[in-house]
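> Provided below are the primary sequence and the corresponding predicted coordinates.
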Amino acid sequence: MISLDVFLATVIYAGLGIVIFIVSFVLVDKLTPGELWREIIERKNMAVALLAGAVAIGISNIIAAAVHG
């Protein structure tokens, strides 16, 4: 059975990772020229969608490695 300390640490690290991911992705969105979501949703730009997905995976890997230690 999981102890309360382990459960709370897991929830805190998961929440922290999600917050860092969102902040990082918004920063990348601001640093790229144009509007990422308009290109993906309205103009159906597959290249921008692939770029956004690759950035999301890269940021997630970095956060996971930093949290895991």
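Looks like it came in fine. Residues are numbered from 1 along each chain as shown.
> Run a quick neighbour tally on Phe7.
For Phe7, the count of nearby residues is 10 (other CB atoms under 10 Å). Quick note: C-beta positions are derived from backbone N, CA and C, even for glycine.
> Check the one 3 residues further on too.
Other residues near Thr10 come to 11 when the count uses other CB under 10 Å.
> Tell me which helix or strand it sits in.
helix 4-31 (DSSP states H and E).
> do Ala47 as well
helix 46-68.
> Give me the mean pLDDT for that helix.
Averaging pLDDT along helix 46-68 gives 92.
> Show me how far it is from its chain's centre.
Relative to the mean C-alpha coordinate of its chain, helix 46-68 is positioned 6 Å out (CA atoms, centre = their mean, to the nearest Å).
> on that earlier part again, would you mind identifying the next helix or strand past the helix holding Thr10?
Downstream of helix 4-31, the next assigned helix or strand under DSSP H and E is helix 36-41.
> residue contacts, the residue sitting nearest the centre point of the chain?
Taking CA atoms, centre = their mean, the centroid of the chain lies closest to Phe21, which sits 3.3 Å from it. Taking CB atoms under 8 Å, 6 or more residues apart in numbering, we find Phe21 in contact with Ala56, Ile59, Ser60, Ile63.
> Tell me how many other residues surround the third one.
Here the count is done by other CB under 10 Å, and Ser60 has 15 residues near it.
> now the residue located most distally from the centre of the chain: how far from Ala52?
In the chain, the residue that sits farthest from the middle, by CA atoms, centre = their mean, is Met1; the gap is 30.4 Å. The spacing between Met1 and Ala52, counted by CB to CB, to the nearest Å, is 40 Å.
> same question, Ile20
Separation of Ile20 from Ala52 (CB to CB) stands at 17 Å.
> centre of the chain versus stretch 18-30, how much separation?
The answer for stretch 18-30 is 6 Å, by CA atoms, centre = their mean.
> and if you look at stretch 34-54?
16 Å.
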